[in-house]
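In: Sharing a model that was predicted from the sequence below.
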Amino acid sequence: MFRLAARNLIENKTRLLISVGGVGLAITLVLFFAAVFAGAQGRLTAYIDGAGADVWVSQQGVRTMHMSESALPSS
């Protein structure tokens with residue numbers, strides 16, 4: 001099976017270039033989106049990391065500061 005696939009790719013140079021280019025593009029996209037995800041994860045906690053607070057207070061049920069609201073009475 002492997003010999004058949006290799007022979008098909010080697011016989012047609014255009015098919016080989018397209019296949020290698022497709023694999024290269026796929027790897028590049030995976031690395032790009034992994035970097036975007038890692039950067040976004042780092043920025044989500046930037047406010048908390050830089051605030052220097054010892055205690056955070058929020059209403060019951062709020063687990064993160066990302067995409068959530070918390071309202072506490074001033075009393």
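Out: Received the coordinates, thanks.
In: Let me see the contact set for residue 15.
Out: 8, 9 (CB atoms under 8 Å, 6 or more residues apart in numbering). For the C-beta atoms, the positions are set from N, CA and C on the backbone; glycine is no exception.
In: Now it, what are its backbone angles?
Out: phi -60, psi -40 (degrees, to the nearest 10).
In: what separates it from residue 30, distance-wise?
Out: With distances taken as CB to CB, to the nearest Å, residue 15 is found 23 Å from residue 30.
In: which stretches of the protein form strands?
Out: Assigned strands in the chain: none (criterion: DSSP state E).
In: Next, the buried residues of the helix or strand of the chain with the lowest mean pLDDT.
Out: Within the chain, no helix or strand scores below helix 46-51, which has a mean of 80 by mean pLDDT, DSSP states H and E. When burial is assessed from 16 or more other CB atoms under 10 Å, helix 46-51 yields no buried residues.
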